[in-house]
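S.K.: heads up, no residue letters with this:
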């Protein structure tokens, strides 16, 4: 019973202290006063900061556009871009959303990436990575170009400028990186011939062919979808193995090569004035492995 009584007495004391006026406890009054004073000071500071942040001095007035290290901006008109940004950006130095500004820049033609940072008290610095055109996509009259990363962007050949030779690419819109991969492989394969790939076409069925700088067309078919990933490389190796025999027979009259055959390859002859035995080979002359 003594334990129950002690418990009841304790509860009674707690209830009495809670029911008593707070001013009967000076220590608690001091703590509460300090807490309220701190809250008041914080509210005043926040209010002052909010008031200051809306002052005209912090309105965005300066936007510095610079290229990333190692680049120069050739296709971006800085004054025009600055004016567009100042007209569309919302907020001041404190409230502007840098991610929104970044997306706005990256939506512009010829801008691949943009990095935005604040500059006290009313400016922004935007570092831009400009697109590096590598090829056309869908023909010279298309308004789509491919950069050196195999990414497509809006642009025209007339915007590229003189002195830059573009590779002609075409294929499904979602296959630009695959097209770039095939280009790099084919370019490496034909280096022994001192020639480069000037165009590459990938069909909707993923059959592909290239046109070389020496004017020759090479047909690869759909070998890349085969379970044997080395199939195309094996056929290219076979071509190089027997190419001296082809050159010995037809010299430099071959303008197309078809590598879609399982055990050989076919060549097409460009000359129209052929002898009878060469006319048969013009359609499809196959060199088989011995």
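M.R.: Received the coordinates, thanks. Worth saying up front: this structure is predicted, and the values here are computed from it rather than measured. Residues are numbered from 1 along each chain as shown.
S.K.: how many other residues sit next to residue 202?
M.R.: Counted by other Cβ atoms under 10 Å, the residues lying close to residue 202 total 21. Using the backbone N, CA and C atoms, a C-beta is placed for each residue, glycine as well.
S.K.: What's the separation between the closest residue to it other than its chain neighbours and residue 220?
M.R.: Distances taken as Cβ to Cβ, 6 or more residues apart in numbering put residue 171 closest to residue 202, at 3.3 Å, once the chain neighbours are dropped. Residue 171 sits at a distance of 13 Å from residue 220 (criterion: Cβ to Cβ, to the nearest Å).
S.K.: Can you report phi and psi for the residue nearest to residue 202?
M.R.: Reported as degrees, to the nearest 10, the phi and psi values for residue 171 are phi 170, psi -180.
S.K.: just checking, it touches residue 201?
M.R.: Yes: if you go by Cβ atoms under 8 Å, residue 171 and residue 201 touch, sitting 6.7 Å apart.
S.K.: Give the burial count for the residue nearest to residue 202, as a bare number.
M.R.: 19.
S.K.: any idea where the helices of the stretch 101-250 of the chain begin and end?
M.R.: For the stretch 101-250 of the chain, the helices defined by DSSP state H, counting those that start in this stretch cover 157-160, 176-189, 231-250.
S.K.: before we move on, the earlier item: which residues do residue 171 and residue 220 both contact?
M.R.: Residues within reach of residue 171 and of residue 220 at once, by Cβ atoms under 8 Å, 6 or more residues apart in numbering, are residue 208.
S.K.: for the chain, which spans come out with low pLDDT?
M.R.: Where the chain drops to pLDDT under 70, the residues are 1-25, 28-29, 32, 44-58, 223-229, 271-290.
S.K.: residue nearest the centroid of it?
M.R.: Closest to where the C-alpha atoms of the chain average out (Cα atoms, centre = their mean) is residue 151, at 5.7 Å.
S.K.: Could you pull up the residues touching the closest residue to that one other than its chain neighbours?
M.R.: Closest residue to residue 151 apart from its sequence neighbours, by Cβ to Cβ, 6+ apart: residue 176 at 6.5 Å. Residues counted as contacts of residue 176 (Cβ under 8 Å, 6+ apart) are 137, 146, 150, 151, 152, 169.
S.K.: and if we set it to 10 Å?
M.R.: Residue 176 makes contact with 135, 137, 144, 146, 147, 149, 150, 151, 152, 169, 202, according to Cβ atoms under 10 Å, 6 or more residues apart in numbering.
S.K.: Check these for burial and list the buried ones.
M.R.: Neighbour-count burial (16 or more other Cβ atoms under 10 Å) applied to the contacts of residue 176 gives 135, 137, 144, 146, 147, 150, 152, 169, 202.
S.K.: Quick check: beta-bridge partners of the second one?
M.R.: Taking DSSP bridges, one obtains residue 169 as the residues bridged to residue 137.
S.K.: if I read this right, it contacts residue 156, doesn't it?
M.R.: No: judged on Cβ atoms under 10 Å, residue 137 makes no contact with residue 156 at a distance of 11.3 Å.
S.K.: Mutual contacts of the two, please.
M.R.: 143, 144, 145.
S.K.: From residue 36, how far out is the first one?
M.R.: This means residue 143. For residue 143, the distance to residue 36 - Cβ to Cβ - is 66 Å.
S.K.: for the last one, same thing?
M.R.: Separation of residue 145 from residue 36 (Cβ to Cβ) stands at 65 Å.
S.K.: which one of those two has more residues nearby?
M.R.: residue 145 (26 against 10).
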